[in-house]
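J.: Quick one, fold the following:
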Amino acid sequence: MRTADRPGARGTASPVRRGRRRAARSGLVAAATALLGAVAAAPPAAGRDGTAAHAAARDRAAASSAAGREGTAPPAAARDWTAAPAAGRPYAYLEGPAGSVLQDTLSVTNPGAAPLTVRLSGQGAPVSFAAPTVTVPARTRADVPFAVTVTSDTPPGDHRGAVRAAAAGREVRVDLRLRVSGPRLAALTVEDVRVDAATGALRYTLVNRGSTVLAPRLAVRAEGLLGTVLDRPDRALPLTLRPGERITRTEPWPDPPALDSVTVRLTATAPGAAPATARAEAAFASGPALTGAAGLLLAAAGGAGWTARRRSASRTQRAPAGATP
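T.: Prediction:
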């Protein structure tokens, strides 16, 4: 009976024990999993502190380098700033007489999220600002006044220039158009003409007596005792003359006559101006030419004396032959 009862008892108790063993194993697995998670979440060991610090320093250096690159390359919004004449005009237009100071306004718009410093200057015109730079707050438009000084010697007519604004690695040029009022008069004179008898060089002075810029042309002609010795048609000179300006120039004459008395005449012209003429006298006499001339004169004098003596002797001989006994 005990033998029969033992297997039955074992069969009845075995499922209970197996459940308990499975529960124990599940608890162990859960405990091991929790232990591994705690180890993974724990701070690094003392032996790895140097490596971790080095990695952190490397990360900080990379972040600093990235920040430096961001500083040299401004954001796109900062580069989108604009500069233009006030009131939406396509260019700045000013008009006034010579000697006046004209004013206008430049609008600078900053759409970025940070203040923007803009450098201001002029080109091709006497433009001045109250300060060389202006700082425009974020998402703001600043209207900056500027002045253009028209000097007293500025000729009447149209002139061009530009207003320059630079910021965030970019420059904007605003077209500036200036009209100076006043009568337009073209007048040109030639003065102080001199001839260097040693070299033949011609020196002269051109003077703009009008109120407009002139582009002069020059013609040269020289007459000697026996006719024309120099004839140069008019040609453009490589210069322009502002109102009131004068300039002295030299005209070369590499082959002047060796022995002659000449009259040099210079004629200057310019569009819209009456021709201006000036003249100078010069006598050329080089050493060899003088020697040759003296020889010719002596020869001529000797020939004339010989001819006179011969004629006198001929008359003397004819007189007795014609006498009456």
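J.: Secondary structure element holding residue 203?
T.: For residue 203, the host element (DSSP states H and E) is strand 202-208.
J.: could you say what helices and strands that strand packs with?
T.: Judged by 3 or more CB pairs under 8 Å, 6 or more residues apart in numbering; DSSP states H and E, the packing partners of strand 202-208 are strand 188-195, strand 246-251, strand 259-270. Just so you know, the C-beta spots here come from the backbone N, C-alpha and C atoms, and that holds for glycine as well.
J.: by how many degrees do the first one and strand 259-270 diverge?
T.: It stands for strand 188-195. If you take axes from the mean of the first three to the mean of the last three CA atoms, to 10 degrees, strand 188-195 sits at 160 degrees to strand 259-270.
J.: partners of strand 188-195, with directions?
T.: strand 202-208 (antiparallel) (DSSP bridges).
J.: still on that earlier bit, possible to save the helices and strands packed on strand 202-208 as JSON lines with mean neighbour count, mean pLDDT and distance to residue 83?
T.: Shown next, in JSON lines, are the helices and strands packed on strand 202-208 (neighbours: other CB atoms under 10 Å; pLDDT from 0 to 100; distance: least, CB to CB, whole Å):
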{"stretch": "strand 188-195", "mean neighbour count": "17", "mean pLDDT": "96", "distance to residue 83": "42"}
{"stretch": "strand 246-251", "mean neighbour count": "14", "mean pLDDT": "96", "distance to residue 83": "39"}
{"stretch": "strand 259-270", "mean neighbour count": "19", "mean pLDDT": "95", "distance to residue 83": "39"}
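J.: For residue 280, find the nearest of these.
T.: Closest to residue 280 of the helices and strands packed on strand 202-208, according to CB to CB: strand 188-195, at 4.3 Å.
J.: Dump the C-alpha coordinates for the closest one into PDB.
T.: Coordinates of each C-alpha in strand 188-195 appear next as PDB, following Å, rounded to 0.1, in the frame of the first residue of the first chain:
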ATOM      1  CA  LEU A 188      38.900 128.300 -74.400                       C
ATOM      2  CA  THR A 189      42.100 130.300 -74.700                       C
ATOM      3  CA  VAL A 190      45.700 129.700 -75.600                       C
ATOM      4  CA  GLU A 191      48.200 131.700 -73.700                       C
ATOM      5  CA  ASP A 192      52.000 132.100 -73.100                       C
ATOM      6  CA  VAL A 193      53.200 130.600 -76.300                       C
ATOM      7  CA  ARG A 194      57.000 130.300 -76.400                       C
ATOM      8  CA  VAL A 195      59.400 128.700 -78.800                       C
END
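J.: which other residues reach that strand?
T.: Strand 188-195 is contacted from outside by 201-210, 214, 216, 241, 246, 248, 262, 264, 266-270, 273-274, 276-282, using CB atoms under 8 Å, 6 or more residues apart in numbering.
J.: and if we set it to 6 Å?
T.: Residues outside strand 188-195 that contact it (CB atoms under 6 Å, 6 or more residues apart in numbering) are 202-205, 207, 209, 214, 216, 264, 266, 268, 270, 273, 276, 278, 280, 282.
J.: what do you get for stretch 229-248?
T.: Residues contacting stretch 229-248 (CB under 6 Å, 6+ apart): 153, 155, 205-208, 211, 213-222, 257, 262.
J.: what comes up buried for it?
T.: Residues of stretch 229-248 classed as buried: 229, 230, 237, 241, 243 (neighbour count, 16 or more other CB atoms under 10 Å).
J.: Same check on stretch 81-89?
T.: Using 16+ other CB under 10 Å as the test for burial, stretch 81-89 gives 81, 83, 84, 85.
J.: Go through those and flag which are in helices.
T.: Among the buried residues of stretch 81-89, none falls in helices (DSSP state H).
J.: Now tabulate the residues you listed in TSV and tack on distance to residue 113.
T.: Shown next, in TSV, are these (distance: CB to CB, whole Å):
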residue	distance to residue 113
81	12
83	19
84	22
85	26
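J.: hey, C-alpha coordinates of the strand holding residue 203 in PDB?
T.: Extracted in PDB, the C-alpha atoms of strand 202-208 (Å, rounded to 0.1, in the frame of the first residue of the first chain):
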ATOM      1  CA  LEU A 202      56.700 124.800 -78.300                       C
ATOM      2  CA  ARG A 203      55.400 125.700 -74.800                       C
ATOM      3  CA  TYR A 204      51.800 126.900 -74.300                       C
ATOM      4  CA  THR A 205      49.000 127.200 -71.800                       C
ATOM      5  CA  LEU A 206      45.400 126.200 -72.300                       C
ATOM      6  CA  VAL A 207      42.800 127.900 -70.100                       C
ATOM      7  CA  ASN A 208      39.100 127.000 -69.700                       C
END
